[in-house]
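Chemist: need a structure here:
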Amino acid sequence: NELFVGVVKHGLADLLHQAGRLDEALELSQQSIDSLVASGFSLGENEARLVRAEILQQLGEAPDNDQELLDIAEYQHQHELWDQLARLEMLLSERAALRGEPDVALEHMRAHLEAREKFLSRDRAMRLAYLEVQFDTRLKEQEIELLRESARAVELEAVAVEQQRQIRTITLVLAGLLLLLVSLLLVRTIRERRHFRRLSQHDALTGLANHTWFFSQAESLCHRARRQGRNMFLVLADIDHFKQINDSHGHPVGDRVLCETAAGFRKVFGEEALVGRLGGEEFGVAVIADSLEQVTERVSKLRAVGQDHLEPPVTLSFGIAEAGLDDDMISLRKRADQALYQAKAGGRDLVVVAEA
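Modeler: The predicted structure follows:
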């Protein structure tokens with residue numbers, strides 16, 4: 001019986017998956033899919049495909065394309081399989097986060113929470129319906145007992161009082177459990193919201209401020225520097241010949257170089273500076289300093305870190321611009337960009353300071 005075999009293998013694959021025996025689970029999940037497809041049981045097939053997708057994700061062998069998962073999600077949504085859909089949306093969110101797509105990850109996480117809430121709502125409704133039936137049944141049993149045992153009216157009254165006390169106790173306990181569950185869900189939602197807010201503001205690979213967040217905060221930093229009567233400098237930097245690093249050593253090495261370069265920026269400029277990854281191999285620093293010499297001194301230290309401590313060694317080109325009284329972030333960035341372009345055009349591994 002292909003249907004029976006497919007269902008059993010799907011259950012075993014899920015158990016092996018939870019036990020961490022991924023290779024065995026993967027083989028069984030594929031066998032279960034074949035059996036369920038042959039038997040025409042589409043519900044079981046989609047559940048089995050979800051288990052296989054989770055296993056491939058843990059093994060690091062998941063395909064780049066999410067189309068199969070999106071097709072499963074559409075099927076689950078049409079058939080209101082909210083528990084399975086919540087599980088699938090969580091997987092899609094994790095995959096999007098690993099690909100560095102925070103907006104997509106956030107949308108899937110919202111869909112996960114929505115499906116989970118629908119599942120919980122339906123589950124609560126079923127539990128309440130069960131309690132209502134149970135309560136109604138008990139009342140009917142009491143009425144029959146009263147009719148049969150009218151002589152024991154006093155005793156039955158005492159029993160009814162005790163039952164009512166138990167019902168009140170059960171109701172209070174259920175209300176307390178429901179309140180606890182809602183509180184836990186609220187705390188979890190708040191934590192997840194904070195987590196995804198951070199993802200929306202920071203680069204997933206290096207942990208630095210992303211392009212949008214960097215320039216938003218840099219604008220605020222510039223206003224603060226003017227209120228304090230100090231100078232704000234914008235430093236733009238580019239890793240020289242970064243494509244050659246990826247081509248020669250591979251993207252994992254390129255990613256490590258980006259992370260180590262980001263760590264160098266944080267170490268040299270410190271917590272008081274705003275450091276961001278603006279895209280690809282380009283970095284930015286907004287820092288309040290008393291003089292240009294303080295900034296160029298830190299840039300020199302950073303250049304030494306790149307050439308002496310990174311493997312493979314890297315060089316960076318820098319463009320530095322000091323914010324003038326009439327500068328906004330657009331004009332300041334334009335001057336820093338021009339200085340960076342001059343550093344690249346001049347042979348790279350240079351520091352160019354924009355004219356005031």
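Chemist: what sits up against whichever strand or helix holds residue 26?
Modeler: Using DSSP states H and E, residue 26 sits within helix 22-39. Helix 22-39 is contacted by residues 2-3, 5-10, 12-14, 16-17, 42, 44-45, 48-49, 51-52, 55-56, 58-59 when judged by Cβ atoms under 8 Å, 6 or more residues apart in numbering. Just so you know, the C-beta spots here come from the backbone N, C-alpha and C atoms, and that holds for glycine as well.
Chemist: over to stretch 141-161?
Modeler: Taking Cβ under 8 Å, 6+ apart as the rule, stretch 141-161 contacts residue 163.
Chemist: low pLDDT regions in the stretch 201-350 of the chain?
Modeler: For the stretch 201-350 of the chain, applying pLDDT under 70 flags the ranges 306-309.
Chemist: where along it do the strands fall?
Modeler: 231-239, 274-279, 282-289, 316-322 (DSSP state E, counting those that start in this stretch).
Chemist: which parts of this protein are helices?
Modeler: Under the criterion DSSP state H, helices of the chain are mapped to 2-18, 22-39, 42-59, 67-78, 82-98, 102-148, 153-201, 211-228, 242-249, 251-269, 292-308, 329-345.
Chemist: now for the first one, which elements pack on it?
Modeler: To tie it back to what came earlier, the one meant is helix 2-18. Packing contacts for helix 2-18, counted by 3 or more Cβ pairs under 8 Å, 6 or more residues apart in numbering; DSSP states H and E, involve helix 22-39, helix 42-59.
Chemist: give me the pLDDT value at the residue in the chain sticking out farthest from the centre.
Modeler: Distance to the chain centre peaks in the chain at residue 151, reaching 67.7 Å (criterion: Cα atoms, centre = their mean). In this model, residue 151 is scored at 78, pLDDT.
Chemist: same check on the one 4 residues further on?
Modeler: What the model reports as pLDDT for residue 155 is 82.
Chemist: surely residue 342 meets residue 318?
Modeler: No. At 10.4 Å, residue 342 does not count as touching residue 318 under the criterion of Cβ atoms under 8 Å.
Chemist: need the overlap of contacts for the two.
Modeler: 350, 352.
Chemist: drop anything exposed from the contacts of helix 22-39.
Modeler: By neighbour count, with 16 or more other Cβ atoms under 10 Å, these hold 5-7, 9-10, 12-14, 16-17, 44-45, 48-49, 51-52, 55-56 as buried.
Chemist: and the nearest residue to residue 90 once chain neighbours are set aside, what is it in contact with?
Modeler: Leaving out its chain neighbours, the residue that sits closest to residue 90 by Cβ to Cβ, 6 or more residues apart in numbering is residue 112, at 4.8 Å. By Cβ under 8 Å, 6+ apart, the contact set of residue 112 is 86, 89, 90, 93.
Chemist: out of the residues you listed, which comes closest to residue 254?
Modeler: residue 93 (25.9 Å; Cβ to Cβ).
Chemist: how many residues are close by the residue nearest to that closest one when sequence neighbours are not counted?
Modeler: What sits nearest to residue 93 in space, not counting adjacent residues and going by Cβ to Cβ, 6+ apart, is residue 108, at 3.8 Å. Residues lying near residue 108 (other Cβ atoms under 10 Å) number 24.
Chemist: what two of the contacts of residue 112 are the furthest from one another?
Modeler: 86 and 93 (10.6 Å).
Chemist: compare those two (neighbour count), which wins?
Modeler: Applying other Cβ under 10 Å to residue 86 and residue 93 shows that residue 93 carries more neighbours, namely 23 against 20.
Chemist: wait, the more buried one touches residue 105, no?
Modeler: Yes. Between residue 93 and residue 105 a contact is recorded at 4.8 Å, counting by Cβ under 8 Å.
Chemist: quick one: contacts for residue 348?
Modeler: Per Cβ under 8 Å, 6+ apart, neighbours of residue 348: 240, 241, 315, 317.
Chemist: what pLDDT is listed against residue 90?
Modeler: Note for residue 90: predicted pLDDT of 86.
Chemist: er, residue 33 actually
Modeler: Looking at residue 33, its pLDDT reads 85.
Chemist: next, count neighbours for it.
Modeler: Neighbourhood size, residue 33 [other Cβ under 10 Å]: 22.
Chemist: distance check, it against residue 340.
Modeler: 53 Å (Cβ to Cβ, to the nearest Å).
Chemist: same check, this time on residue 346
Modeler: Separation of residue 346 from residue 340 (Cβ to Cβ): 11 Å.
Chemist: still on that earlier bit, buried stuff in the helix holding residue 26?
Modeler: Across helix 22-39, burial judged by 16+ other Cβ under 10 Å covers 22, 25-26, 28-37, 39.
Chemist: picking that back up, overlap in contacts, residue 346 and residue 340.
Modeler: Both residue 346 and residue 340 are in contact with residue 352, where contact means Cβ under 8 Å, 6+ apart.
Chemist: which of these two has more neighbours?
Modeler: Comparing residue 346 with residue 340 by other Cβ under 10 Å, the one with more neighbours is residue 340, at 26 against 11.
Chemist: against residue 303, how distant is the residue lying closest to the more buried one once chain neighbours are set aside?
Modeler: Excluding its sequence neighbours, the residue lying closest to residue 340 (Cβ to Cβ, 6+ apart) is residue 319, at 3.0 Å. Relative to residue 303, residue 319 is positioned 14 Å away (Cβ to Cβ).
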